[in-house]
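> Provided below are the primary sequence and the corresponding predicted coordinates.
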Amino acid sequence: MLVAEQTVVALSWVSVRDRLPFNGHECVLICRNPNSNELTRAIGCRLHGNWEIEDSALANCDVRAWLKLPSTPSDM
């Protein structure tokens, strides 16, 4: 019988006021649109002190919090 190994990973949002992610680590971001104050999620990372966000429409957003994405499994 095969038994699946279960790994529990605690994920929690980190405020940019508390800490920033390491350079180049891809994260889910909570961004505030400066024009509408609307909060939205995006994928991005910090490179050389700047936020790089995949969605170009959010390039000028105010990043409020981040959540590090897990690594891709090596056996895929």
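Looks like it came in fine. Numbers count the residues shown, from 1 in each chain.
> what's the helix or strand in which Leu29 is found in contact with?
Using DSSP states H and E, Leu29 sits in strand 27-32. Contacts with strand 27-32, where a contact means C-beta atoms under 8 Å, 6 or more residues apart in numbering, come from 13, 21, 38-45, 51, 53, 58, 61-69. In this view, the C-beta of every residue, glycine as well, is placed from N, C-alpha and C.
> what's the answer for stretch 50-57, then?
By C-beta under 8 Å, 6+ apart, stretch 50-57 touches Leu29, Cys31, Ala42, Ile43, Gly44, Cys45, Arg46, Ala59, Cys61, Val63.
> let's see if you can find the most crowded of those residues.
Leu29 (26 neighbours; other C-beta atoms under 10 Å).
> returning to that earlier point: of the contacts of strand 27-32, buried ones?
Using 16 or more other C-beta atoms under 10 Å as the burial test, the contacts of strand 27-32 include Pro21, Ala42, Gly44, Cys45, Trp51, Ile53, Leu58, Cys61, Val63, Ala65, Trp66 as buried.
> quick one: least confident of these?
When these are compared by pLDDT, Leu58 scores lowest at 86.
> got the phi and psi for that one?
phi -100, psi 10 (degrees, to the nearest 10).
> try Ala57
Torsion angles, degrees, to the nearest 10, at Ala57: phi -70, psi -20.
> same question, Gly44
phi -170, psi -180.
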